[in-house]
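A.B. asks: One predicted model, sequence on top.
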2 protein chains.
Amino acid sequence: MAVFGVAAHRPPLVLQAQHRPSICDSCGVRASNVCDALGYDDLHRLAAVARVVEVAAGRTFIVEGDPADSFFNLTDGTVKLYKLMADGRRQITGFLRKGDFLGLAVSSGYAFSAAAINDVRYCRYSRGGLRGVLDDFPALEKRLMEVASNELVEAQEQMLLLGRKTAKERVASFLLAQSRRTVGYAARNPTLTLPMPRGDIADYLGLAIETVSRIFTQLKHDQVIAIPTIETVIIFDHAGLLECAGS
Amino acid sequence: MAVFGVAAHRPPLVLQAQHRPSICDSCGVRASNVCDALGYDDLHRLAAVARVVEVAAGRTFIVEGDPADSFFNLTDGTVKLYKLMADGRRQITGFLRKGDFLGLAVSSGYAFSAAAINDVRYCRYSRGGLRGVLDDFPALEKRLMEVASNELVEAQEQMLLLGRKTAKERVASFLLAQSRRTVGYAARNPTLTLPMPRGDIADYLGLAIETVSRIFTQLKHDQVIAIPTIETVIIFDHAGLLECAGS
DNA sequence: CGTTATCTTGACGTACATCAAATGTCGTGG
DNA sequence: CCACGACATTTGATGTACGTCAAGATAACG
């Protein structure tokens, strides 16, 4: 699965003379994530400690408690992070998509599990290797700090949702958050894709799957959204959805 | 309120010859927080951009949405972070105590409000000033990264609590978390102080105040804990409490 | 001590979970 | 192309954990 030949998948960028080709040349998300903190000229330092890995849909590739020896940079697909209780109750703490960074962990072990929702590709960095690059490029460290701060803000928002919002408010908030993350989302084309099944949405929102389903049909009947296919939602009434979200 | 004379409150540490006295000399939490990332010799750099501030119990000193121009380092007292909804519903996202760091924020505005539970003292750094110190001392930036990662781990744990745990599990988990944070807590002296009122605990756990109260008395009747005063809890049966917490 | 805020206890209501069954979706092979 | 089976989703009926409302009991405070 680890591959250097991936470069063939896309037309390589024009290389400057002094550089050898690297896995980064073919990366479609380079500009939208942490790697962008490094100039093009320094990217090979990252590439040197990275491996491209592909994971099939459904597979868990991080198990909570595993030694936290890697960082991940999603380049394709959707990932769910989750925590399990002994009796099987599950809380999904986040969905990641291409361009998202993963692996901030403390004290040797990952605090969550991670599974691929659909087929996923990521760039994997050894912790030690990345540490070295971080030491040489403070700008990269700062970017990671931004990423962490962003996640903290989102986590607090999610705590408000889980602790205090009604089921309808949770689902509406979720749809709005998805729309904000969808590139190209606009009043003209208010369509979003939900790659995760209803059960995952339920475990993200702290609800039962049946409740999520009921709220979806309710929003549909109220003409706020349409659900042309099971993983596609069109937001007809953005203001109405905001109202439902209670914010 | 901002004071340099605070040094008088405690016997000053022995100063090395080359240093002028600074507000840090009198700080009781220096070793236990981010400042420790700087050697004693460099502390004055931090002190130069810091002001000591005191806040009376009950007062809100950060309002959600305020321009995020400062960082805070708690040196005394307890602080609650919270988010409000338009209709007054409140979610407390964390309690901070002496030694804790505060202010990681993104995009110009704080994502939360902060209020003093009891009388509080903190060290306040201007964002720009801290930025300068951070640039000169990568070790400090790394420490902040650790702080952020830790908070992220705690936030995920809290999402599991809010999304999937029962009321009893929430309260038990809360007490255990408090015990973990209490210095000097041990089987010998399993006593902890809850400086925050029941209503704050409720808003932290996503419960009604009455529910929190009921669970407390239930745990008391089950001989798992004792509540000698309203803000003191003794954990009689640590294993039993772990059982109640469901983890 | 009286006054007021906080906490506890009880009675009752409800939003959401659970259980169960029907319907829809999709891949596979005839 | 259609039929079949496995699985995901929806819909309905019912239960319950926790919220809400209201009244006492404690504690905090001048």
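C.D. replies: That came through fine.

A.B. asks: per-domain residue ranges of chain A.
C.D. replies: A:5-154, A:165-245 (automatic domain parsing).

A.B. asks: which helices and strands does the helix of greatest length in chain A pack with?
C.D. replies: Counting by DSSP state H, the longest helix found in chain A is helix A:138-164. Under the contact criterion of 3 or more CB pairs under 8 Å, 6 or more residues apart in numbering or on different chains; DSSP states H and E, helix A:138-164 touches strand A:90-96, helix A:127-136, helix A:167-181, strand B:79-84, strand B:90-96, helix B:138-164. (C-beta placed from N, C-alpha, C; glycine too.)

A.B. asks: weakest of the ones you listed in terms of mean pLDDT?
C.D. replies: Ranked by mean pLDDT, the helices and strands packed on helix A:138-164 bottom out at helix A:127-136, with a mean of 90.

A.B. asks: so does that helix get close to chain B?
C.D. replies: Yes: counting by CB under 8 Å from any CB of the partner chain, contacts between helix A:127-136 and chain B involve A:D135.

A.B. asks: for that helix, packing partners?
C.D. replies: Helix A:127-136 packs on helix A:43-48, strand A:70-76, helix A:138-164, going by 3+ CB pairs under 8 Å, 6+ apart.

A.B. asks: Convert the lowest-mean-pLDDT helix or strand in chain A to CSV, retaining C-alpha atoms only.
C.D. replies: Within chain A, confidence by mean pLDDT, DSSP states H and E is lowest for helix A:43-48 among all helices and strands, at a mean of 88. The C-alpha coordinates for helix A:43-48 follow below in CSV (Å, rounded to 0.1, in the frame of the first residue of the first chain):
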residue,chain,number,x,y,z
LEU,A,43,8.6,20.2,1.0
HIS,A,44,11.1,17.5,0.3
ARG,A,45,12.0,17.6,4.0
LEU,A,46,8.4,16.5,4.8
ALA,A,47,8.3,14.1,1.9
ALA,A,48,11.3,12.4,3.3
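
A.B. asks: For that helix, buried residues please.
C.D. replies: For helix A:43-48, a neighbour-count test (16 or more other CB atoms under 10 Å in any protein chain shown) marks A:L43, A:H44, A:R45, A:L46, A:A47 as buried.

A.B. asks: Does the fourth one touch A:L38 like I think?
C.D. replies: Spelled out, that is A:L46. Yes: the pair A:L46 and A:L38 qualifies as a contact (CB atoms under 8 Å) at a distance of 6.1 Å.

A.B. asks: Tell me who's in contact with A:R127.
C.D. replies: By CB atoms under 8 Å, 6 or more residues apart in numbering or on different chains, A:R127 lies in contact with A:A68, A:D69, A:S70, A:F71, A:G103.

A.B. asks: Just put those in a markdown table and tack on neighbour count and distance to A:A148.
C.D. replies: As requested, the contacts of A:R127 are exported to a markdown table (neighbours: other CB atoms under 10 Å in any protein chain shown; distance: CB to CB, whole Å):
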| residue | neighbour count | distance to A:A148 |
| --- | --- | --- |
| A:A68 | 18 | 14 |
| A:D69 | 14 | 19 |
| A:S70 | 22 | 17 |
| A:F71 | 24 | 12 |
| A:G103 | 20 | 11 |
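
A.B. asks: list the contacts for the most centrally placed residue in chain A?
C.D. replies: Ranked by distance to the mean C-alpha position of chain A (CA atoms, centre = their mean), the top residue is A:L96 at 1.1 Å. A:L96 is in contact with A:L74, A:T78, A:V79, A:K80, A:L81, A:L102, counting by CB under 8 Å, 6+ apart.

A.B. asks: and chain B, which of these contact it?
C.D. replies: A:L81.

A.B. asks: Of the contacts of A:L96 - the most surrounded one?
C.D. replies: Within the contacts of A:L96, neighbour counts (other CB atoms under 10 Å in any protein chain shown) peak at A:V79, which reaches 24 neighbours.

A.B. asks: isn't that residue right next to A:V120, touching?
C.D. replies: Yes: using CB under 8 Å, A:V79 is in contact with A:V120, at 5.9 Å.

A.B. asks: quick one on the thing from earlier: who wins for proximity to B:R30 among the helices and strands packed on helix A:138-164?
C.D. replies: For B:R30, the closest of the helices and strands packed on helix A:138-164 is helix B:138-164, at 12.8 Å, according to CB to CB.

A.B. asks: Just confirm yes or no for the closest one near DNA strand D.
C.D. replies: No: judged by CB under 7 Å from any atom of the strand, helix B:138-164 stays clear of DNA strand D, getting no closer than 9.9 Å.

A.B. asks: Tell me the buried residues in that helix?
C.D. replies: For helix B:138-164, by 16+ other CB under 10 Å, it's B:140-145, B:147-164.

A.B. asks: Can you get me a residue count around the closest residue to A:S173 other than its chain neighbours?
C.D. replies: Leaving out its chain neighbours, the residue that sits closest to A:S173 by CB to CB, 6 or more residues apart in numbering or on different chains is A:A245, at 4.4 Å. A:A245: 19 surrounding residues under other CB under 10 Å.

A.B. asks: quick one, phi/psi of A:A245?
C.D. replies: phi -70, psi -20 (degrees, to the nearest 10).

A.B. asks: before we move on, back to that, strands paired with whichever helix or strand comes after the least confident helix or strand of chain A, and their directions?
C.D. replies: Sequence-wise, the next helix or strand downstream of helix A:43-48 (DSSP states H and E) is strand A:50-55. When pairing is defined by DSSP bridges, strand A:50-55 lines up against strand A:120-126 (antiparallel).

A.B. asks: Next, A:C27: phi, psi?
C.D. replies: Per degrees, to the nearest 10, the backbone of A:C27 is at phi -80, psi 130.

A.B. asks: Could you check how many residues crowd around it?
C.D. replies: Number of residues near A:C27 (other CB under 10 Å) recorded here: 26.
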